[in-house]
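Enquirer: curious how this folds, go ahead:
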Amino acid sequence: MSSPRFRWWRAALWVVALSGVAVLAVRALVGDVYYVDSRSMAPTLHGAARGGEYVFVRFDRESPLERFDLVVVQRPGDDRPLVKRVVALGGETVQLAGGDLLLDGRILPPDAPRAPWIELFDSRRDAFEQHFSTARFPAPWSQSSAGQLVDVQGARAAEAEYKRGALDEFREPSGERGGGRRHVSDLALELELRTEGVWRALRLRLSEEGDRFDLVLEPAAQLGRVRARIERRVVARLSFEVLVERELDFDLAAPHRLSFSNIDNRLRFDLDDERGALAFDYAENTPMSGQESGFQHQLPRAAFGGENLRAQITRVRLFRDLSWADLGRFAVNGPLVLAPEELFLLGDNSSESLDSREWGPARQSWRVGKPLAVVWPPSRWRWLEARAP
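Expert: Residues are numbered from 1 along each chain as shown. The predicted structure is shown next:
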């Protein structure tokens with residue numbers, strides 16, 4: 001009769017053996033863990049410059065791919081697989097121009113799925129005064145433990161301007177900024193706030209090339225409603241027009257999250273979880289005048305403020321869309337038609353990515369699988385989202 005100690009060790013060995021078999025079965029049939037040693041997909045994945053990350057990849061060569069899916073491919077002759085993002089599918093015509101993705105000669109339509117925005121600024125993590133200037137209206141602004149307090153009376157106005165250029169930068173795991181080589185076009189400004197007392201106007205502003213776009217909110221005649229409109233100013237021509245206007249049923253005396261975005265020539269106001277509370281599509285931007293200035297866009301790129309306004313602003317965030325650098329040989333100097341079994345793959349950190357722009361379209365047969373989650377180091381564990389929620 002065996003002793004209790006012997007039985008315990010025998011059970012433990014069985015557990016270890018079965019666990020090993022299970023791991024081998026998963027690696028052979030389900031998926032495996034791969035080490036990311038490149039910065040080409042930052043900030044979706046962080047490479048070796050900051051310690052690298054290990055990603056669990058589910059084996060999948062057959063499931064249909066959608067635009068902006070993350071995919072792992074093994075190119076013939078390469079000794080390691082690559083993680084990239086699918087931006088164009090078989091049969092499509094793809095081109096990269098001005099940081100935008102063109103499919104069949106057009107930018108993505110408003111209702112098309114998109115990759116998640118990339119954060120440039122968050123007042124809960126970044127020093128507000130290092131990124132925004134209130135120099136033109138210094139008196140009404142004050143800092144509290146909850147955030148920024150703006151308090152102006154009568155006809156006085158207040159405005160905070162983003163004083164940095166909007167570049168293709170991103171946040172490293174340490175919180176520091178990485179990238180930042182090229183100017184980007186498409187931005188989104190988000191505020192969390194509530195007003196106190198009577199107010200006249202609240203403005204969120206974005207600029208692109210020679211245009212300035214304002215989201216203007218004003219109290220409506222009916223209590224508890226707000227009149228919202230989007231304005232366009234062409235600075236060089238001194239022209240002004242109201243693009244769209246409507247009344248909305250909400251009260252700014254209660255806390256709300258307001259987002260104003262300009263993505264692929266669609267201006268959109270999101271109220272809390274309601275997307276497109278107000279939206280307008282425009283054909284193209286006005287080119288900058290006086291190119292000797294060296295700037296591609298009007299400055300500042302983002303601003304917010306108001307008139308006769310007292311508001312507690314608890315959070316300010318600024319985002320950018322993915323922007324594709326015009327580097328490489330394929331789909332950069334002209335359109336590229338993909339064969340039925342081809343994919344066009346790009347890295348999110350476009351300025352530092354070696355991808356289909358340089359080595360051409362990928363074949364469906366190169367697919368290894370789909371990256372699902374970062375599993376190491378533990379402090380960076382997260383699911384990988386291919387598209388914006």
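Enquirer: R114: what secondary structure?
Expert: Under DSSP: H, G, I helix; E, B strand; the rest coil, the three-state class of R114 is coil.
Enquirer: how about the nearest residue to it, chain neighbours excluded?
Expert: The shortest distance from R114 to any non-neighbouring residue, by CB to CB, 6 or more residues apart in numbering, is to A388 (5.2 Å). No exception for glycine: its C-beta is placed from N, CA and C like everyone else's.
Enquirer: okay, now that neighbour: neighbour count?
Expert: As a burial measure, A388 scores 13 neighbours (other CB atoms under 10 Å).
Enquirer: over to D249?
Expert: 11.
Enquirer: could you do the one 10 residues further on as well?
Expert: The tally of other residues near S259 (other CB under 10 Å) stands at 21.
Enquirer: that one against D272, yeah?
Expert: No - with contact defined as CB atoms under 8 Å, S259 does not reach D272; the gap is 9.1 Å.
Enquirer: pull stretch 121-140 out as CSV, backbone CA atoms only.
Expert: Provided in CSV are the C-alpha atoms of stretch 121-140 (Å, rounded to 0.1, in the frame of the first residue of the first chain):
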residue,chain,number,x,y,z
PHE,A,121,-3.6,64.3,-24.5
ASP,A,122,-5.5,63.5,-21.4
SER,A,123,-5.8,66.1,-18.6
ARG,A,124,-5.9,63.3,-16.0
ARG,A,125,-2.4,62.2,-17.1
ASP,A,126,-0.8,65.2,-18.7
ALA,A,127,-0.2,68.7,-17.3
PHE,A,128,-2.8,71.0,-18.8
GLU,A,129,-0.7,74.1,-18.8
GLN,A,130,2.1,72.3,-20.8
HIS,A,131,-0.3,71.5,-23.7
PHE,A,132,-2.9,74.3,-23.6
SER,A,133,-2.5,78.0,-23.5
THR,A,134,-5.0,80.4,-22.0
ALA,A,135,-2.7,83.5,-22.5
ARG,A,136,-5.2,85.4,-24.6
PHE,A,137,-7.8,85.0,-21.8
PRO,A,138,-5.8,84.4,-18.7
ALA,A,139,-8.1,85.8,-15.9
PRO,A,140,-11.1,83.4,-16.1
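Enquirer: run the chain-centre distance for that stretch.
Expert: Distance of stretch 121-140 from the chain centroid (CA atoms, centre = their mean, to the nearest Å) equals 21 Å.
Enquirer: what mean pLDDT does that stretch get?
Expert: Averaging pLDDT along stretch 121-140 gives 87.
Enquirer: stretch 336-343 now?
Expert: Stretch 336-343 carries an average pLDDT of 97.
Enquirer: can you give me the end-to-end span of it?
Expert: With CA to CA, to the nearest Å as the measure, stretch 336-343 spans 11 Å from end to end.
Enquirer: again with stretch 70-79
Expert: Terminal residues of stretch 70-79 lie 20 Å apart, using CA to CA.
Enquirer: hmm, who's touching it?
Expert: With contact meaning CB atoms under 8 Å, 6 or more residues apart in numbering, stretch 70-79 is reached by 34, 44, 57, 65, 80-86, 343, 345, 359, 362, 366-371, 384, 386.
Enquirer: can you say which of the residues you listed are buried?
Expert: Among the contacts of stretch 70-79, those buried by neighbour count (16 or more other CB atoms under 10 Å) are 34, 44, 57, 65, 81-86, 343, 345, 362, 366-371, 384, 386.
Enquirer: these in helices, which ones?
Expert: Among the buried ones among the contacts of stretch 70-79, no member falls in helices (criterion: DSSP state H).
Enquirer: low-scoring pLDDT stretches of the stretch 51-200 of the chain, where are they?
Expert: 138-139, 153-155 (pLDDT under 70).
Enquirer: now the strands for the stretch 251-389 of the chain?
Expert: With DSSP state E, counting those that start in this stretch as the criterion, the stretch 251-389 of the chain has strands at 256-263, 266-271, 274-281, 302-307, 310-320, 336-337, 342-346, 362-363, 367-376, 382-383.
Enquirer: how far out from the middle of the chain is the longest one?
Expert: Between the centre of strand 310-320 and the centre of its chain there are 17 Å (CA atoms, centre = their mean).
Enquirer: for the second one, same thing?
Expert: From the chain centre to the centre of strand 266-271 is a distance of 15 Å (CA atoms, centre = their mean).
Enquirer: given it, what are its sheet partners and their directions?
Expert: Sheet pairing of strand 266-271 (DSSP bridges) gives strand 256-263 (antiparallel), strand 274-281 (antiparallel).
Enquirer: mind checking pLDDT for S289?
Expert: 73.
Enquirer: show me what contacts it?
Expert: By CB under 8 Å, 6+ apart, the contact list for S289 reads G210, A236.
Enquirer: what does A254 give?
Expert: A254 neighbours (CB under 8 Å, 6+ apart): R194.
Enquirer: 6 Å instead, please
Expert: By CB atoms under 6 Å, 6 or more residues apart in numbering, A254 lies in contact with nothing.
Enquirer: could you do A236 as well?
Expert: If you count contacts by CB under 6 Å, 6+ apart, A236 has them with G210, S289.
Enquirer: dihedrals phi and psi, it?
Expert: With angles defined as degrees, to the nearest 10, A236 sits at phi -70, psi -30.
Enquirer: relative to D214, how far out is it?
Expert: Distance, A236 to D214, by CB to CB, to the nearest Å: 17 Å.
Enquirer: next: D355.
Expert: Computed as CB to CB, the D355 to D214 distance reads 37 Å.
Enquirer: same deal with R67?
Expert: For R67, the distance to D214 equals 31 Å [CB to CB].
Enquirer: next: R205.
Expert: Separation of R205 from D214 (CB to CB): 5 Å.
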